[in-house]
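Participant: Sharing a sequence plus its predicted fold:
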Amino acid sequence: MTQPTPIDQLTARQARVEHKRLIEEIEAHDIRYHQEDAPIISDADYDALRQRVEALEAAFPELGGTLFATRVGAAPSEKFAKVRHAVPMLSLGNVFADEDVEEFVARVRRFLGLAEGPLAFTAEPKIDGLSCSIRYVRGELVQAATRGDGFEGEDVTANVRTIAEIPHKLHGAPPEIFEVRGEIYMRHVDFATLNERQMAAGEKVFANPRNAAAGSLRQLDSTITARRPLHFFAYAWGEVSEMPATTQHGMIGAFKSFGLPVNPRTVQCHSAKDMIAHYRAIEAQRAQLGYDIDGVVYKVDDLALQARLGFVSRSPRWAVAHKFPAQQATTILRDIEIQVGRTGALTPVAKLEPVTVGGVVVSNATLHNEDEIARKDVRIGDTVVVQRAGDVIPQIVRVVEEKRPAQSHAYAFPETCPACGSLAVREIDDKGEVDAVRRCTGGLICPAQAVERLRHFCSRNAMDIEGLGDKQIEFFFEKGLIKTPADIFTLQQRDEEPGRMQRIRNFEGFGETSVRNLFAAIEARRSVALNRFIFALGIRHVGETNARRLARHFGSFEALRKVCAAAAPDSEARAELNNISGIGDVVAEGLADFFIEPHNEAELDRLMREVTPEPMEAVKTDSPVAGKTVVFTGALEKLTRDEAKAQAERLGAKVAGSVSKKTDLVVAGPGAGSKLTKAAELGIEVISEDDWLARIGEGG
Ligand code: IVH
């Protein structure tokens, strides 16, 4: 073979020509190897061809990405067959702290009764991929299976055969039956290229190299697996007819001699101190490895001792995984995006320059809220430390201030909703504390909240529009037919406009009758109880009870609206709201925010053209029981409890459930018990149901 020209002396054109020729050559070898089982060159020569292509691609990036597309697989199978593992594939116990490693060594020694004397372990990276068991009979690869539940996995033989690094025939003199186990994984560079390709093709993008490896291996069509650059490290075994070594590290040596890839960072250790030192060394190299690892695995080296130690439940007593802690990485904060939740909460999301953190590519992180941004002084353009722990949403830990660009300025959190432009406010609670969350007040018109608001508007205790359930609302919203509550009432008119192309009755799932019923249900709600209507608007802190209080107090929607729209802080109108029994400042503020927001005003005008809330008899503030706290107890004979309660409230009384110092009046019927005793103790006036009716002018 003539010596190839050194890569750095090639012109781009020469590189392209050679690259093309090599790819064709490799493809031809692949077909002979995979499909005809008749290779014409040695594995070493084949590997040299691939290495040359890799080197060309590294020097001439414009050639990249084609090499791994060159192993051809078998025809697709219908579905994976199941494979029962001859020896179960178990898992490992985890430890995190150095002391746990010492405890592991001490435990092993205790179990073996080996207080002193030499005891060797191996320490090797824990690869973050998926485990696979590959069976060789007389040196030939006959079957490969995933771990599955540990006892039964899936037959992925055809796919594993496409992995260049896994020999179809073992070298040297392997045992007759030899089941090798190890990890299939994907390298970072290949992962990035694969995702780019996937994205360009509009296909699924993988979250991390592990998922990409698993997704690639578990393809029904092995020609797809063949196009995915997978790699393998052998570290364990299943059924073996005759052991080629008596130690763990000896087995690794045997794997290597059979032509199987093994991890070069596997060492022998003689104490917990050694093991921890190796763990630190691997941790320090982690970022440069080019593939994901999530810890270091320690194993008792002597296989006879392994056998004595055996297993507890589904993990070996002779091995343990020393996991890395939650990982951090630094990257650049490109932007802060404000997302509006379904309830109007504005949530800041950090848009990051993508970075791999603990094996996952992270491009978004939570910033929690406005105060958090201010506290950490996070600015757009900053270099930030991102952390991921387990499955939680990545977080910004801190800013690397030394790297802050010269012209940066503190982040100003928006005071209007990015989805609808309405004012966004932070509430102040009863204790005067400002809510950490800023909320959009444009509830009626905000597209981010629309579906949720419409659902609430139509729900049973609100407008109760039959035929407009969650599914229908979502459907009409998506079709653009109902965006706001007022749209519900113009739906029929729009649907019946002459010349309309797409009628509701022509949509799947709607027929002539269901459309007619829907329109009838909507019509029936053009007139609605005032309290229901107020509740339906979804004003913050205005639930059913407060809606009833407001309806009773104001008697009409217009009266309510007028006062609320004028209820700026410290105004007379705000004072009136505060004086309504049961309405505190938090509710008053919610009302003011809602009615003052101009976007809501316009929608309310539209809605009022469609719907007529029935006026309610307003509460009398001059009644003899106005402002009094009343407790009903015992059986009432002329009124139901609910009627008595509603009536008392209409007259401006507050109805309480138990007697206390604040109680002004107890109305007692037959069978009244402890409440009566309590009233007597506190010297509270007790009257009968008839007395009550007389007092409020309903008696006789
Ligand atoms: S030894 C009987 N060594 O970790 C236990 N496992 O949590 C045999 N893994 O399912 C496993 N790297 O997928 C071993 N160097 C390594 C490993 C490793 C990754 C995975 C393997 C296993 C899981 C256990």
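Facilitator: Sure thing, it's come through.

Participant: Pull up the residues of the stretch 1-150 of the chain that are close to the ligand.
Facilitator: With C-beta under 6 Å from any ligand atom as the criterion, the stretch 1-150 of the chain comes near the ligand at residues 90-92, 124, 126-127, 131, 147. Just so you know, the C-beta spots here come from the backbone N, C-alpha and C atoms, and that holds for glycine as well.

Participant: Check the residues you listed and tell me the two furthest apart.
Facilitator: Using C-beta to C-beta, these reach their maximum pairwise distance at Glu124 and Arg147, which is 18.2 Å.

Participant: quick one: which of those two has more around it?
Facilitator: Neighbour totals were compared for Glu124 and Arg147, and Glu124 leads with 23 against 19 (other C-beta atoms under 10 Å).

Participant: Doesn't that one lie inside a helix?
Facilitator: No - residue state for Glu124 (DSSP: H, G, I helix; E, B strand; the rest coil) corresponds to strand; a helix is not indicated.

Participant: can you pull the contacts of the residue nearest to it when sequence neighbours are not counted?
Facilitator: Nearest residue to Glu124, sequence neighbours excluded (C-beta to C-beta, 6 or more residues apart in numbering): Thr266, at 3.9 Å. Taking C-beta atoms under 8 Å, 6 or more residues apart in numbering, we find Thr266 in contact with 122-125, 235, 249, 252.

Participant: Could you measure from the residue in the stretch 401-550 of the chain positioned nearest to the ligand over to Val384?
Facilitator: Nearest residue of the stretch 401-550 of the chain to the ligand: Lys403, at 35.1 Å (C-beta to the nearest ligand atom). For Lys403, the distance to Val384 equals 9 Å [C-beta to C-beta, to the nearest Å].

Participant: Neighbour count: these two, which is higher?
Facilitator: Neighbours per residue (other C-beta under 10 Å) separate Lys403 from Val384, with Val384 holding more: 26 against 12.

Participant: Just confirm the more buried one is within a strand.
Facilitator: Yes - assessed by three-state DSSP, Val384 belongs to a strand.

Participant: so it touches Ile396, yeah?
Facilitator: Yes - with contacts counted by C-beta atoms under 8 Å, Val384 reaches Ile396, the gap being 5.0 Å.

Participant: Between those two, which contacts overlap?
Facilitator: Common neighbours of Val384 and Ile396 (C-beta under 8 Å, 6+ apart) are 333, 350, 365, 378.

Participant: Next one: the last one from Val360, what distance?
Facilitator: I take that to be Val378. 21 Å.

Participant: which of the two has more neighbours?
Facilitator: Val378 (20 against 17).

Participant: which ones are touching the more buried one?
Facilitator: By C-beta under 8 Å, 6+ apart, the contact list for Val378 reads 333, 336, 350, 367, 384, 396, 399, 411.

Participant: Distance of the residue of the stretch 1-150 of the chain found nearest the ligand relative to Arg210?
Facilitator: Residue of the stretch 1-150 of the chain nearest the ligand, by C-beta to the nearest ligand atom: Ser131 (3.3 Å). Per C-beta to C-beta, Ser131 is found 11 Å from Arg210.

Participant: quick one, which of these two is more surrounded?
Facilitator: With neighbours defined as other C-beta under 10 Å, Ser131 and Arg210 compare such that Arg210 has more, 23 against 19.

Participant: Could you give the average pLDDT over stretch 486-500?
Facilitator: The average pLDDT within stretch 486-500 is 92.
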